[in-house]
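A.B. asks: Predicted model, plus sequence, below.
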Amino acid sequence: MNNIDPAWAWSAFKPTNSQPWNLAQAAHLYRRAGFGVGRGELQRAVAGGVQRCVKQLLHDNQEPQSFQDEMARMTRSIVASGNLQSLATAWLYRMLKTTDQLHEKTTLFWHGHFATSAAKVQDAFMMQQQNDLLRKHAIGDFSEMVQAISQNPAMLLYLDSANNRKTHPNENFARELMELFCLGEGNYTEQDIRELARCFTGWEVRNRAYRFNKYQHDFGKKAFLGAQGELTGQQAVAHVISTPAAPLFIARKLVQYYVMDEPTASDELLAPLAKRLRKDHFQIRGTLEMIFRSNLFYSKHSVARKIKSPVEMVVGMMRGLSIKTDLTQVAQRLQELGHGIYFPPNVKGWDGGRTWINSSTLLGRSNLMHELIHSENTTFGNKSLQAYLQNNRVHNLAHAATYFSDLFCAVPLANNSKSQLIASAQKETNNTDQQFKSLLHQVVSIPQFQLG
């Protein structure tokens, strides 16, 4: 990435004859900024132009109040039952139904960034409370989000900060605040960790809420990252975020999530994004807008340069074909594939990228998609797949192969590949609906589909 001119990279993408704004680019945007959409919405996006499409994603897709009320009722019921697994089912439902895909996709990003597992917290109320916190701040003020997450009961329990006492400081949260949440490795010392941990002594959880216990707080002078004084926890968080490494670290995480898994972007390439973050006082929305309008985002350096997570894979196909099915079963299968939302593997979250793909997970992905497509609980726009496709003017396998490729494949299928998949589907069954399902399963099992 060192040979990419940052000025070119972050300048606004302007379609040309050689690089037009077309169905493939619109699908790329929706796969990255959201989870994906149906063909009709892609066609409307192409007609409206790239700038209008980005504006809608960032500013114009707020969820209707009726949907927010529906989600609130659903999560209240789950919290009352205490069923931790059902939290994932409800979140999948929201990913599938929300009109504000960017907001939900970014909430998923922060869930991995501030990874907290229900397996340790063991409380549905606190886990849902954290999820709501991440959603509230998802594309807003990063500084406010870090302040809120530092006093979030689920986080306090997960990183043992609730047991941080002045006589026995617990360094877990202080370490992760700098290493994983704000600065990255190499931008602090072990002494910084020890001093920072003292700032958070006396932060407790009582009755599922944060409580400050002044009798367990160390009011003495601390010195870390160039700051000195009788710093409170809130002042400590603000100082960590104010250090020069913070905007560069967050810019790198955003580029890795939205633009490309690898190679790691250079500091020089990230500098304009970091500058925008500082200018906007860590408001995330402006930086995302800069990314989604950029030359880099629509270039060969980004298109097909990410591997879909299991959640992106499943939700993308379901949104693209208006699929309804048993989400409880889907959530369980996602957890078996290593992407159990509300159950990240550790404080680092999911490594992502190439770690999603190996011989075992590829087979698991294919099996999950087969179960989803062929389940008796699955409908496509409340219809059979054949009827759904006919409603969308897709009447044969050749048209369907192109339709599926346009929706789901970052690298379009070549004609000979389509012919091979069609022939395989025809050999498998004489039933037309089953042939469409067989073709769909083959498309979502090939390498091109795994690329986001």
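C.D. replies: Cool, the structure landed.

A.B. asks: In the stretch 51-200 of the chain, where is pLDDT below threshold?
C.D. replies: Applying pLDDT under 70 to the stretch 51-200 of the chain flags no residue at all.

A.B. asks: Let me see the ranges of the strands in the chain.
C.D. replies: In the chain, the strands defined using DSSP state E lie at 203-206, 209-212, 222-224, 227-229, 323-324, 379-380.

A.B. asks: contacting residues for Met178?
C.D. replies: By CB atoms under 8 Å, 6 or more residues apart in numbering, Met178 lies in contact with 187-188, 192-193, 196, 240. (C-beta placed from N, C-alpha, C; glycine too.)

A.B. asks: Phe224 versus that one, what's the distance?
C.D. replies: With distances taken as CB to CB, to the nearest Å, Met178 is found 9 Å from Phe224.

A.B. asks: anything in contact with each of those two?
C.D. replies: Common neighbours of Met178 and Phe224 (criterion: CB under 8 Å, 6+ apart): 188, 192, 196.

A.B. asks: The first one and Leu225 touch, don't they?
C.D. replies: Translated: Tyr188. Yes. Between Tyr188 and Leu225 a contact is recorded at 6.4 Å, counting by CB atoms under 8 Å.

A.B. asks: Who has more neighbours out of those two?
C.D. replies: In this view Tyr188 and Leu225 are compared by other CB atoms under 10 Å, and Tyr188 has more residues nearby, 22 against 18.

A.B. asks: Adding distance to Arg252, write the shared contacts of Met178 and Phe224 out as TSV.
C.D. replies: Below are the shared contacts of Met178 and Phe224 laid out as TSV (distance: CB to CB, whole Å):
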residue	distance to Arg252
Tyr188	16
Asp192	20
Leu196	22
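
A.B. asks: Cross these against helices and list the overlap.
C.D. replies: When DSSP state H defines the helices, the subset of these inside them is 192, 196.

A.B. asks: Identify, from the shared contacts of Met178 and Phe224, the entry nearest to Ala124.
C.D. replies: Nearest to Ala124 out of those is Leu196 (CB to CB; 30.7 Å).

A.B. asks: Report the contact partners of Gly320.
C.D. replies: 36-39, 407-408.

A.B. asks: Distance check, it against Cys409.
C.D. replies: Counting by CB to CB, the gap from Gly320 to Cys409 is 11 Å.

A.B. asks: With Pro344 instead?
C.D. replies: 28 Å.

A.B. asks: what's the answer for Ile341, then?
C.D. replies: 25 Å.

A.B. asks: And for Phe219?
C.D. replies: Distance from Phe219 to Cys409, counting by CB to CB: 59 Å.

A.B. asks: which residue ranges form the helices in the stretch 101-250 of the chain?
C.D. replies: 101-113, 118-121, 124-137, 142-150, 153-158, 172-176, 190-199, 233-242, 245-258 (DSSP state H, counting those that start in this stretch).

A.B. asks: how about these in a markdown table, adding distance to Lys279 and mean neighbour count?
C.D. replies: Below are those laid out as a markdown table (distance: least, CB to CB, whole Å; neighbours: other CB atoms under 10 Å):
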| stretch | distance to Lys279 | mean neighbour count |
| --- | --- | --- |
| helix 101-113 | 20 | 22 |
| helix 118-121 | 36 | 18 |
| helix 124-137 | 19 | 20 |
| helix 142-150 | 13 | 20 |
| helix 153-158 | 28 | 24 |
| helix 172-176 | 27 | 22 |
| helix 190-199 | 27 | 20 |
| helix 233-242 | 14 | 19 |
| helix 245-258 | 9 | 21 |
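
A.B. asks: Nearest to Asn431, out of those?
C.D. replies: Here helix 101-113 is closest among the helices of the stretch 101-250 of the chain (CB to CB), at 34.1 Å.

A.B. asks: hey, C-alpha coordinates of that closest one in PDB?
C.D. replies: The C-alpha trace of helix 101-113 is given here as PDB (Å, rounded to 0.1, in the frame of the first residue of the first chain):
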ATOM      1  CA  GLN A 101     -27.900  -0.900   7.200                       C
ATOM      2  CA  LEU A 102     -24.800   1.300   7.700                       C
ATOM      3  CA  HIS A 103     -25.700   1.900  11.400                       C
ATOM      4  CA  GLU A 104     -26.200  -1.800  12.000                       C
ATOM      5  CA  LYS A 105     -23.000  -2.800  10.200                       C
ATOM      6  CA  THR A 106     -21.000  -0.300  12.200                       C
ATOM      7  CA  THR A 107     -22.600  -1.600  15.400                       C
ATOM      8  CA  LEU A 108     -21.300  -5.000  14.500                       C
ATOM      9  CA  PHE A 109     -17.900  -3.500  13.900                       C
ATOM     10  CA  TRP A 110     -17.800  -2.000  17.400                       C
ATOM     11  CA  HIS A 111     -19.100  -5.300  18.900                       C
ATOM     12  CA  GLY A 112     -15.900  -6.800  17.600                       C
ATOM     13  CA  HIS A 113     -13.800  -3.800  18.600                       C
END
